[in-house]
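**Q** Build the 3D model from these lines:
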Amino acid sequence: MLTWKETQREEGKKILSLSWPISIALIAQMSMGLVDMMMVGPFGAHALAAMAAALNIEVILGVVPRNAGAGVIPLVSQAWGANKKETTYAILRHLFTIGFFLQIPFLFGLYHVDTILRFLGQPAEIVDLATSYCRICMCGVPFGMGYYYLRYWLQAISIVKPATWAVIVANVANVGLNFVLIYGPFGMGVLGCAWSTVLCQMLQFLLLLYWTRSNISFRGVGSSIRTVFVYGVFSGIQIALEVWGFACATIMAGWLGEVALAAHSITLQLTSISFMIVLGISLGVSTRVGI
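**A** The predicted structure follows:
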């Protein structure tokens with residue numbers, strides 16, 4: 001029988017083995033946005049401010065739908081630990097069903113982002129460009145949400161490395177696509193960055209789905225969609241209450257003009273990356289608690 005110290009040491013190793021790939025995946029996910037800002041930067045404050053305003057609204061609208069998957073981590077890990085695989089598959093099916101309906105107001109808001117930006121008092125000169133950016137990003141919403149849901153579900157059954165590799169590959173692809181679509185033959189500027197983001201969302205979702213196809217099934221039984229909805233949506237709302245505070249600060253920066261909005265968004269992107277390590281550890285712990 002293990003002593004208390006040995007038990008703590010073993011559990012610490014298990015948490016670390018789960019946490020470091022999650023942290024890397026989170027850092028890589030945030031780095032994609034930072035790379036986008038760096039590559040759009042040469043177009044000036046106007047371009048950066050438009051992209052920042054667009055992404056801020058995208059975050060406000062998408063934080064609940066995307067993070068609904070975080071709420072089912074304890075449900076999945078408990079069922080998996082009890083060897084109830086059919087229940088975990090049912091939870092995954094319910095999660096994607098709920099996500100289908102959650103994306104409807106998300107997409108509606110992205111399409112009408114011009115109205116939202118004007119209502120929030122953002123600089124009038126960036127509204128048209130930000131609206132075009134958001135409408136392009138609508139194409140990637142189903143794939144982005146699918147990636148998040150699969151990542152959370154796989155994390156709950158202690159499979160974390162495929163998601164890490166998927167987002168790393170997407171980061172490398174994003175740099176290349178940005179060069180081609182922003183500066184290259186297509187020369188679309190900021191809108192090229194939006195198309196690159198869409199293609200990378202598709203890529204990381206399809207890679208994760210392909211690499212973990214033997215672990216995934218949607219044909220399970222034993223869990224109610226109501227339970228998944230309650231855990232998922234309220235967990236998403238909890239995360240949103242934290243994120244919306246930073247989003248409000250970005251809106252206020254927009255009241256000061258394009259330069260202030262662009263500078264604030266770069267600073268916020270950098271500070272957000274530093275938080276990802278701690279967040280990765282907390283997600284690893286939540287998985288171990290469920291198991």
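**Q** tell me what the helix ranked longest in the chain is packed against?
**A** Criterion DSSP state H: the longest helix present in the chain is helix 4-40. Packing partners of helix 4-40 (3 or more C-beta pairs under 8 Å, 6 or more residues apart in numbering; DSSP states H and E): helix 45-67, helix 141-156, helix 161-178, helix 190-211, helix 258-290. C-beta coordinates here come from the backbone N, C-alpha and C atoms, glycine included.
**Q** and if we set it to 7 Å?
**A** Here helix 4-40 touches helix 45-67, helix 161-178, helix 190-211, helix 258-290, going by 3 or more C-beta pairs under 7 Å, 6 or more residues apart in numbering; DSSP states H and E.
**Q** in the second one, what's buried?
**A** Meaning helix 161-178. With burial defined by 16 or more other C-beta atoms under 10 Å, the residues of helix 161-178 counted as buried are 161-167, 169-171, 173-174, 177-178.
**Q** ok, now the third one?
**A** Judged by neighbour count using 16+ other C-beta under 10 Å, the buried positions of helix 190-211 are 190-205, 207-209, 211.
**Q** ok now that helix, how far from the chain's centre?
**A** Centroid separation for helix 190-211 versus its chain: 12 Å, with C-alpha atoms, centre = their mean, to the nearest Å.
**Q** Can you dump the C-alpha atoms of it in CSV for me?
**A** Only the C-alpha atoms of helix 190-211 are listed here, as CSV (Å, rounded to 0.1, in the frame of the first residue of the first chain):
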residue,chain,number,x,y,z
VAL,A,190,-7.0,41.8,-43.2
LEU,A,191,-9.7,39.8,-44.9
GLY,A,192,-7.0,37.3,-46.0
CYS,A,193,-6.3,36.8,-42.3
ALA,A,194,-9.9,35.9,-41.7
TRP,A,195,-9.9,33.3,-44.5
SER,A,196,-6.7,31.8,-43.1
THR,A,197,-8.4,31.5,-39.7
VAL,A,198,-11.4,29.7,-41.2
LEU,A,199,-9.1,27.3,-43.1
CYS,A,200,-7.1,26.6,-40.0
GLN,A,201,-10.2,25.9,-37.9
MET,A,202,-11.3,23.4,-40.5
LEU,A,203,-7.9,21.8,-40.5
GLN,A,204,-7.5,21.4,-36.7
PHE,A,205,-11.0,19.9,-36.4
LEU,A,206,-10.6,17.4,-39.2
LEU,A,207,-7.1,16.4,-38.0
LEU,A,208,-8.4,15.8,-34.5
LEU,A,209,-11.4,13.9,-35.8
TYR,A,210,-9.2,11.7,-38.0
TRP,A,211,-6.5,11.0,-35.4
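**Q** what angle separates it from helix 141-156?
**A** If you take axes from the mean of the first three to the mean of the last three C-alpha atoms, to 10 degrees, helix 190-211 sits at 40 degrees to helix 141-156.
**Q** Just say helix, strand or coil for Val76.
**A** Applying DSSP: H, G, I helix; E, B strand; the rest coil to Val76 yields a three-state assignment of helix.
**Q** Excluding covalently adjacent residues, which one is nearest to it?
**A** Among residues not flanking Val76 along the chain, Ala156 sits closest, at 3.6 Å (C-beta to C-beta, 6 or more residues apart in numbering).
**Q** just to revisit the earlier point, right, so of the helices and strands packed on helix 4-40, which gets closest to Ala247?
**A** Closest to Ala247 of these, according to C-beta to C-beta: helix 45-67, at 4.9 Å.
**Q** Against Ser19, how distant is Trp153?
**A** Distance of Trp153 to Ser19, given as C-beta to C-beta, to the nearest Å: 17 Å.
**Q** That's all I had, so thanks and see you.
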